[in-house]
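Undergrad: next come a sequence and a model predicted from it.
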Amino acid sequence: MPKITENEQLTFPILIGDIGGTNARFSILIDTYAEPRQFPIVHTAAFSTIEDAIQQGVLDKTSIQPRSAILAIAGPINADEIPLTNCDWVVRPKAMIEEMGFEDVLIVNDFEAQALAVASLSDENREPIGPLSESPIASRVVLGPGTGLGVAGLLHAQHTWFPIPGEGGHVDMGPRSDRDFEIFPHLARIDGRISGEQLLCGRGVVNIYDAICAADGVEPQWSDPADVSTHGLSGNDKQAAETLSLFVTYLGRLAGDLALVFMARGGVFLAGGIPQKILPALKRPEFRAAFEDKAPHTGLMHTIPTFVVTHPLAALSGLANFARTPANFGLATDGRRWRR
Ligand SMILES: Nc1ncnc2c1ncn2[C@@H]1O[C@H](COP(=O)(O)OP(=O)(O)OP(=O)(O)O)[C@@H](O)[C@H]1O
């Protein structure tokens, strides 16, 4: 895996960007030591191209001309023109170099950026779920329910962090408890199966809620994930409350499976927009119970910490970590770095 050595470090100032389906967040890193200069979050829908967003949202607001850019995007990076998954923008690193004055552009996966962030999240940027609040320097996992379900591993070996982006949100999910067997027949399948992302994202909240209502023979009251979780947290709606309980149980099961896969003694970190919004539900016993319920490895699971990432701009902080000290990370750059 080619690794950026200090010789190949991107040249400062570096524009860093986290491009989501709805929002794009940018900052500029002037040098290794300065705090990143933050710019207001822009709505992707407000600009027809990413170049316009960078020009108007960043470059027009500062006299600093960044020489390099590191952008995190949702979706595969396998060509010179990269269409984004949930918005109309196409990222064209060559055009950024030819037309916007960048010398060096690196594109990474959005959950890879989250993985870079959890390499060094301070206590105030994470909330422990369960009794363990320390995170040993050891492999970690980040999974994030938001619009979709992102997953990445972060292996620690040879004093280096290796982010492993993947499609772990698309693994199979199956029924386990008696109640699951009542509810799962009411979940829609895609090509015959139910994946993590069908249950553990905003849409997944509603899928679980609808299936519970169908199993109970009641009419669904809510169609927005935030309504389901608000009524579930307040406890004033039986089906919404069970939805949250099952959501955190399924999230705990998958988090535990991923911890086993990566031997993530350094912990599992819940990123994405939803965990912060349902923190009280995650702090109830179900999440941790499902996480640890991995016989014959319950003893091991008991020692693995779990956290909610509370950093408001975690992906940007991950990219900044990398930009400052690339030699600490084994980030694969093949086919993802363009230079003048
Ligand atoms: N209180 C809530 N409870 C459950 N789901 C919610 C809640 N509020 C928002 N959602 C859902 O969370 C999803 C948005 O997640 P998130 O904020 O992580 O966005 P995102 O995927 O990171 O996109 P972007 O990076 O563009 O902001 C939507 O499906 C939304 O319906």
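TA: Cool, the structure landed. Here the structure is a predicted model, which is why all the values come from computation and not from measurement.

Undergrad: let me know the pLDDT of residue 2.
TA: Here the pLDDT value assigned to residue 2 is 59.

Undergrad: spell out which helix or strand contains residue 105, please.
TA: Using DSSP states H and E, residue 105 sits within strand 104-109.

Undergrad: got the angle between the helix or strand following that strand and strand 104-109?
TA: Using DSSP H and E, the helix or strand that follows strand 104-109 in sequence is helix 110-118. Helix 110-118 runs at 100 degrees relative to strand 104-109, counting by axes from the mean of the first three to the mean of the last three CA atoms, to 10 degrees.

Undergrad: measure residue 14 to the ligand for me?
TA: 21 Å (CB to the nearest ligand atom, to the nearest Å). (Glycine included, C-beta is placed from N, CA and C.)

Undergrad: what does residue 170 give?
TA: Distance, residue 170 to the ligand, by CB to the nearest ligand atom: 16 Å.

Undergrad: contacts only, for that residue.
TA: 149, 195-197 (CB atoms under 8 Å, 6 or more residues apart in numbering).

Undergrad: which of those residues are close to the ligand?
TA: Among the contacts of residue 170, not one lies near the ligand by CB under 6 Å from any ligand atom.

Undergrad: now, of the residues you listed, which are buried?
TA: Those of these that meet the buried threshold are 149, 195-197, by 16 or more other CB atoms under 10 Å.

Undergrad: output those residues in TSV; the columns should cover distance to residue 121.
TA: Converted to TSV, those look like this (distance: CB to CB, whole Å):
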residue	distance to residue 121
149	20
195	28
196	23
197	24
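
Undergrad: between the residues you listed, which sits nearest residue 275?
TA: Checking the buried ones among the contacts of residue 170 against residue 275 by CB to CB gives residue 149 as the nearest, at 11.5 Å.

Undergrad: quick one on the thing from earlier: farthest pair in the buried ones among the contacts of residue 170?
TA: Using CB to CB, those span at most 8.4 Å, a distance reached by 149 and 195.

Undergrad: quick check: neighbours shared by those two?
TA: 169-170.

Undergrad: who touches residue 194 in this structure?
TA: Applying CB under 8 Å, 6+ apart, the residues near residue 194 are 172-174, 184, 187.

Undergrad: ok, residue 86 next?
TA: Residue 86 sits next to 20-22, 74, 147 when contact means CB under 8 Å, 6+ apart.

Undergrad: again, 6 Å this time
TA: Listed by CB atoms under 6 Å, 6 or more residues apart in numbering, the contact partners of residue 86 are residue 21.

Undergrad: which residues of the stretch 51-200 of the chain lie near the ligand?
TA: Near the ligand, when you scan the stretch 51-200 of the chain using CB under 6 Å from any ligand atom, you find 146-147.

Undergrad: how about 8 Å then?
TA: 74, 86-87, 110, 144-148 (CB under 8 Å from any ligand atom).

Undergrad: kindly report the same for the stretch 201-340 of the chain.
TA: With the criterion set to CB under 8 Å from any ligand atom, the stretch 201-340 of the chain comes near the ligand through 201-203, 205, 224-226, 228-230, 272-274, 277-278.

Undergrad: 5 Å instead, please
TA: Residues of the stretch 201-340 of the chain lying close to the ligand (CB under 5 Å from any ligand atom) are 202, 225-226, 229, 272-274, 277.

Undergrad: dump the strand holding residue 105 to PDB, keeping only the CA atoms.
TA: Extracted in PDB, the C-alpha atoms of strand 104-109 (Å, rounded to 0.1, in the frame of the first residue of the first chain):
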ATOM      1  CA  ASP A 104      -2.300  18.700  -5.800                       C
ATOM      2  CA  VAL A 105      -5.700  17.200  -5.200                       C
ATOM      3  CA  LEU A 106      -6.400  14.100  -3.100                       C
ATOM      4  CA  ILE A 107      -9.900  12.600  -2.900                       C
ATOM      5  CA  VAL A 108     -10.900  10.200  -0.100                       C
ATOM      6  CA  ASN A 109     -14.000   8.300   0.900                       C
END
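
Undergrad: okay, helices next: where are they in the chain?
TA: 50-57, 93-100, 110-118, 178-183, 196-199, 202-216, 225-234, 238-262, 273-277, 279-283, 285-292, 298-302, 314-324 (DSSP state H).

Undergrad: just say which of the ones you listed is most tucked in.
TA: Highest mean neighbour count among the helices of the chain (mean count of other CB atoms under 10 Å): helix 110-118, with a mean of 29.
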